[in-house]
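In: The sequence and its predicted three-dimensional model are supplied below.
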Protein chains: 2
Amino acid sequence: MAFQETFKALSDPTRRAILDLLKGGAKTAGEIGVPFDMTGATVSHHLSVLKEAGLISDERRGKYIYYELNVTILDEITGWIAGLKGDS
Amino acid sequence: MAFQETFKALSDPTRRAILDLLKGGAKTAGEIGVPFDMTGATVSHHLSVLKEAGLISDERRGKYIYYELNVTILDEITGWIAGLKGDS
DNA sequence: TAGATATTTAGATAATTGTCTAAATAAAGT
DNA sequence: ACTTTATTTAGACAATTATCTAAATATCTA
């Protein structure tokens, strides 16, 4: 369907690394940014792209905003790939 | 082959449409270009990106160059996604 | 209320990308 | 050889994007 935003989101290495990080469970924006050598503003931008693509969801809890992996859209991509391979 | 090029290649709608076209079997560059409202040069560029990403292969037969879908790399992507979902 | 912390938004910039036209290469037919 | 057909390559340009700094917003605590 609207794979466009999703594939664009996945096409950046920092964003894929963020998704890998979130595999271990929800994390705050600050925690997510730690391993990356870039400003919080840039990390925030990447989180916004991932959210817009439906790959993560966010929830504010007090001072923090927690981001969590959203797997449903990943299944759609897997489905599209399976379709390409002829298993449709 | 890193995912970087592959995801970048998949992040363009024209290139995804080309992959869908090739589901039906190998096609020449000219045939591939027909459904798209762009110059042959632009289609050729997209084919080059897809090839560089390992998503298609090409073979010259006389005047024509046939392009064919390459599914192995798609399996790697499916594997990466499965890993994200925790099935690893 | 004021200040500290967490995060986003706004604006700017350099690099990348999708597209075009024009020229080049490759093969086939006359 | 020359021409036609198929496709790629080169060079240019506008749009997009990843990143930064600086400023704004949201929340908590003293």
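Out: Alright, I've got the coordinates.
In: What count of nearby residues applies to the residue of chain A found nearest DNA strand C?
Out: At 2.3 Å from DNA strand C, A:G30 is the closest residue in chain A, using C-beta to the nearest atom of the strand. For the C-beta atoms, the positions are set from N, CA and C on the backbone; glycine is no exception. Residues within reach of A:G30, counting by other C-beta atoms under 10 Å in any protein chain shown, total 12.
In: Can you give me the separation between it and A:M38?
Out: 13 Å (C-beta to C-beta, to the nearest Å).
In: contacting residues for the residue of chain A closest to DNA strand C?
Out: A:40, A:64 (C-beta atoms under 8 Å, 6 or more residues apart in numbering or on different chains).
In: and if you look at A:P13?
Out: So A:P13 contacts B:Q4 (C-beta under 8 Å, 6+ apart).
In: Verify the stated contact: A:A26 with A:Y67.
Out: Yes: counting by C-beta atoms under 8 Å, A:A26 touches A:Y67, with 6.5 Å between them.
In: Those two: which is more packed in?
Out: Neighbour count, other C-beta under 10 Å: between A:A26 and A:Y67, A:Y67 has more, with 23 against 16.
In: Could you count how many residues lie near the nearest residue to A:M38 once chain neighbours are set aside?
Out: Take A:M38 and drop its neighbours on the chain: the residue closest to it by C-beta to C-beta, 6 or more residues apart in numbering or on different chains is A:T14, 7.4 Å away. Neighbours of A:T14 under the rule other C-beta under 10 Å: 16.
In: Same check on A:E68?
Out: Residues near A:E68, counting by other C-beta under 10 Å, number 13.
In: how close does it get to DNA strand D?
Out: 18 Å (C-beta to the nearest atom of the strand, to the nearest Å).
In: per-residue confidence for the closest residue to that residue other than its chain neighbours?
Out: Distances taken as C-beta to C-beta, 6+ apart put A:A26 closest to A:E68, at 4.2 Å, once the chain neighbours are dropped. What the model reports for A:A26 is a pLDDT of 98.
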